[in-house]
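Visitor: Quick check, what structure comes out for this input:
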Amino acid sequence: MRSTSPTEAFPAHTPAASQIFTTVLSHGPLTRAEIAGRTRLSAAAVTKAVRPLIEAGYLVEDIAEDARQPVLGRPANPVRVDGGRALFLGIKVTGDELIAVLTDLCCRIRVARRVPLTSREPKAVLTSVAGLAQELLTEADGFGVQVRGLGIAVSGDVDRAAGVVRYSPFLEWRDVPLAELVATTTGLAVTLDNDVRALTVAEQWFGAGVGLSDFALVTVGAGIGCGLVVHGQVVAGAHGVAGEIGHVAIDPAGPRCHCGNRGCVEAIASDPAIVGRIREVTGASVADATEALALAHDGDPGAREVYARAGAAIGRGIATVANLLGPERVIISGEGLAAYDLFAEQIRDAFAAAAFGSAADCDVQTRPLPFEEWARGAAATAIQSFITASDAR
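Guide: Numbers count the residues shown, from 1 in each chain. Next comes the predicted model:
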């Protein structure tokens, strides 16, 4: 496959060098003094790390605006990431389609593609992933830059370190070594992660979480997900399921959840749960979330009450995160935000009622994101792996 060169290592050979590059990636352009201030590293450490990154073309030193003025000492020239130095692929796998992007090193989308899945069988999905990757690799040839990695995002219980989908309810997969299979098929370095955690990486480095040491990303839609950043690190937990607020039980007498428990946030507020409940309450034969939303917007009182109940469940789930971790910000996203006007008030009220003390001061904001952003999140994990891979050597 053209456009790949897995042998080139990123020239940051220590965690400190990776931290410096990531800081410039998220906050740049920055002078060396500003980098030192943000990373709390010495000026000498910053200079030592920046030099090989500039020599390899990953960082570019710009001329400071006042550099032409006669001053004593060396001018404080800012450095920035050359986004065009490398390319990455990101693929989000859903139950019925693949969404893929080709991004640069700054995770800016250059090309986007969507293809339907004709089967959820792992072999069929692998074939589709490989074909889509080859299509994007061909597109990458036009940029004249190597593709350094492929990120794949899948919903469910995903072991990133092992590259295994342990359980994905939407795909009905168990113990699928997807990263190894895709790497063998495509020849690319592959990073596999849970889709919400992948999106959280993108928000931490390039989105609404930039500059925050502690925040949470809550996604609403086909499921209820939550990505956590604690002390600057995306948290997976000892067993890889940290942040599963969708399976926080808030009503012991509530509806049965697919996890086996009753009254989980997901069993009340996910799109399938909302559609099913609206059918029960109204008797209307709504086929999907789009039709359910239309019925509520048409003023059906039963449908509107279902959405109000969903909002209260989401608000209580967010309050649980705020009470346990005290994040600076909670970002709400996902395709379920199409109904935000129907349950925004209930989210706010339930959050305020359940949040303890100063946890209620958490900045709760919405961030509508198209599905391509989930694929971009997958690409962000590939960028992350590329930047930090040398740390382990």
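Visitor: From here on, just use CA atoms for contacts and neighbour counts.
Guide: Will do.
Visitor: List the contacts of A124.
Guide: T118 (C-alpha atoms under 8 Å, 6 or more residues apart in numbering).
Visitor: if I look at it, how far off is F371?
Guide: 22 Å (C-alpha to C-alpha, to the nearest Å).
Visitor: Please give the number of neighbouring residues around G299.
Guide: 10 (other C-alpha atoms under 10 Å).
Visitor: Surely it is within a helix?
Guide: No: assessed with DSSP: H, G, I helix; E, B strand; the rest coil, G299 is coil; it does not lie in a helix.
Visitor: Could you give the backbone dihedrals for it?
Guide: phi 100, psi 10 (degrees, to the nearest 10).
Visitor: what's the answer for the one 3 residues further on, then?
Guide: Reported as degrees, to the nearest 10, the phi and psi values for G302 are phi -70, psi -40.
Visitor: Test my guess that it contacts T282.
Guide: Yes: with contact defined as C-alpha atoms under 8 Å, G302 counts as touching T282 (5.9 Å).
Visitor: So which of these two has more stuff around it?
Guide: Remark: of G302 and T282, G302 carries more neighbours, 18 against 14, as counted by other C-alpha under 10 Å.
Visitor: contacting residues for that one?
Guide: Taking C-alpha under 8 Å, 6+ apart, one finds 278, 281-282, 296 in contact with G302.
Visitor: Most neighbours of all those, which one?
Guide: Neighbour max across those (other C-alpha under 10 Å) = I278, 25 neighbours.
Visitor: Give me the nearest residue to it, chain neighbours excluded.
Guide: A303 (5.5 Å; C-alpha to C-alpha, 6 or more residues apart in numbering).
Visitor: ok, now which ones touch G57?
Guide: 82, 85 are the contacts of G57 under C-alpha under 8 Å, 6+ apart.
Visitor: make it 7 Å
Guide: Listed by C-alpha atoms under 7 Å, 6 or more residues apart in numbering, the contact set of G57 reads R85.
Visitor: Now it: which helix or strand?
Guide: Assigned by DSSP states H and E, G57 belongs to neither a helix nor a strand.
Visitor: Phi and psi next, for it.
Guide: Residue torsions, per degrees, to the nearest 10, at G57 are phi 90, psi 10.
Visitor: can you tell me how far the residue nearest the centre of the chain sits from P327?
Guide: Central residue of the chain (C-alpha atoms, centre = their mean): L199, 0.7 Å from the mean position. Remark: distance between L199 and P327 (C-alpha to C-alpha) = 17 Å.
Visitor: I'd like to know how many residues surround I383.
Guide: 29.
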